[in-house]
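**Student:** Provided below are the primary sequence and the corresponding predicted coordinates.
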Amino acid sequence: MTVDSISAIEDVYRRRHRAFTAAIGTIVGSRDAASDVVQEAFARALASRTDFRGDGPLEAWIWRIAIRTALERRPGTDVPLEDAFDPQLIEPERDPALAAALQKLPTRRRFVVFLRYVADLSYADISRVCGISEGTVAATLHQARAVLADELGYNNARSQVEV
Amino acid sequence: MSGSVHHLTALDATLSERLFAAADIDCRPDWDDVQTRAEPLGLPHRRTRRRSYVAAIAAVLAASIVAPAVGLPGAVVDFFRAEPAAETVVLDFVGMNQRGPQDPSLPDQARHVRTFELPSGAYTLSIAPTAGGGYCWAISGFSNGCQTIRSTDSTGRGPVIGVTYTEIPTGSVRQEPVIIAGNIASTASGTLSLTFEDGSSQAVPLVWVSEPIAAAFFVYELPRERWSAGSRPIGLELRDTGGIVAHTKISVAPQP
């Protein structure tokens, strides 16, 4: 791959730095550690850019590197990703109602919610990151959305899963 | 398509906003540090250049814009005035090219042509021309494809309706929307209709896109009342004042 791929990785870094840091922070448990992991992950992406086969979006590939790097920083790295994911998605004092609603979700659903609404990944990207089918992603989000809508008092929860 | 949320309901938008606001992170991006860290891993430190776009081909194509036929029913989009496609969509076209097509698309020329507001949500249509005079299209959260040969039907005169659709779900399968979408690689004017088992028909809005694409596109969601046997769609017809100019059969009935 050429300089263009370096630029593409830089584009992802600059546009999505905040989302990466927020997501990784929930795995490693601190902002400082998250910043360090994100820097390391993008460095690894740069160094291994020739390994990117283009069989999916570049950003999803970088997400997998970032999550893998984050897990290396945690004890018990042989724990499955979704089980290792720290459910402390947000700072409770910022939105207590939302924090309480998220606690109603099983770990897997919280993880997929986070990848969708904070990391802003598509269903296809979440499917690649988590190693599950897009249908499962859609179903998981549908269930999580329904619970969150009930807990937060929204009345416009969809009854049909989007694709 | 990261960065491009496919089907934002009001609930999706609210959840996204609240979650992101609550996950407040004081970010200080440092790209130079990333490159420095990458050096021991095998990457020479150098200033990166912004990606350059294929301007030469764009200039040639821009010079060949032809105004769409007067009186075309449906919306008309001037391709080169359309908004450039989102970065994630561009990368999707890059990904499509990785499959080794004979006539690859020009991802940097991809445009966001139209967002179709359907009952199940918003579906964004993006199009990229190919170097060989065809085009590739991507409909967010649905499908993508290419039309590299502007083929005609068996008579050699009429255009061909390219169509992609999902099946009607049944039984324990979750109730996903049934989407019928496609393109007509022709500037021939006409109205598109979906025909049904009961003999009725329904007009399907077309979006006509100017040169270099020179084609029409449609994205349609089948209403639930059309899911039952006896009232399902069976085909698409393109008609002009002289009658049917193109037709194709479809079958959204669930496979056994």
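**Tutor:** Nice, thanks for sending it over.
**Student:** any stretches of the stretch 1-150 of chain B with poor pLDDT?
**Tutor:** B:1-9, B:20, B:23-27, B:42-74, B:99-100, B:149-150 (pLDDT under 70).
**Student:** how does it look with 80?
**Tutor:** Applying pLDDT under 80 to the stretch 1-150 of chain B flags residues B:1-13, B:16-17, B:19-28, B:41-75, B:95, B:98-103, B:141, B:148-150.
**Student:** which ones are touching the single nearest residue of the stretch 51-200 of chain B relative to chain A?
**Tutor:** Relative to chain A, the nearest point of the stretch 51-200 of chain B is B:Q98 (3.7 Å; Cβ to the nearest Cβ). For every residue, glycine as well, the C-beta is placed using N, CA and C. Contact partners of B:Q98, counting by Cβ atoms under 8 Å, 6 or more residues apart in numbering or on different chains, are A:R53, A:G54, A:D55.
**Student:** and chain B, which of those reach it?
**Tutor:** With Cβ under 8 Å from any Cβ of the partner chain as the criterion, the contacts of B:Q98 include A:R53, A:G54, A:D55 near chain B.
**Student:** any idea which of those residues has the most stuff around it?
**Tutor:** Using other Cβ atoms under 10 Å in any protein chain shown as the neighbour test, the ones next to chain B among the contacts of B:Q98 are led by A:G54, with 16 neighbours.
**Student:** tell me the phi and psi of the closest residue to B:A203 other than its chain neighbours?
**Tutor:** Spatial nearest neighbour of B:A203, excluding adjacent residues (Cβ to Cβ, 6 or more residues apart in numbering or on different chains): B:S193 at 5.5 Å. The phi and psi values for B:S193, taken as degrees, to the nearest 10, are phi -130, psi 140.
**Student:** now name the helix or strand holding B:A246.
**Tutor:** Using DSSP states H and E, B:A246 falls within strand B:243-249.
**Student:** neighbouring contacts of that strand?
**Tutor:** Outside strand B:243-249, the residues that touch it by Cβ under 8 Å, 6+ apart are B:153, B:158-161, B:163, B:184, B:186, B:188, B:190, B:234-239.
**Student:** which other residues reach stretch A:37-44?
**Tutor:** Applying Cβ under 8 Å, 6+ apart, the contact partners of stretch A:37-44 are A:9, A:13, A:17, A:20-21, A:24, A:27-28, A:62, A:65-66, A:69-70, A:73, B:30, B:33-35, B:37-38, B:41, B:43.
**Student:** nearest the geometric middle of chain A, what residue?
**Tutor:** A:L115 (3.4 Å; Cα atoms, centre = their mean).
**Student:** list the contacts for it?
**Tutor:** Residues in contact with A:L115, defined by Cβ under 8 Å, 6+ apart, are A:A23, A:L121, A:D125, A:I126, A:V129, A:C130.
**Student:** next one: A:G25 from chain B, what distance?
**Tutor:** A:G25 is 7 Å from chain B, where distance means Cβ to the nearest Cβ, to the nearest Å.
**Student:** can I assume that residue is in contact with A:D32?
**Tutor:** No. Using Cβ atoms under 8 Å, A:G25 makes no contact with A:D32, being 9.3 Å away.
**Student:** so between these two, which is more surrounded?
**Tutor:** Legend: neighbour count by other Cβ under 10 Å for A:G25 and A:D32, higher for A:G25 (23 against 10).
**Student:** where's that one, which helix or strand?
**Tutor:** In the assignment (DSSP H and E), A:G25 maps to helix A:3-28.
**Student:** noted, bye for now.
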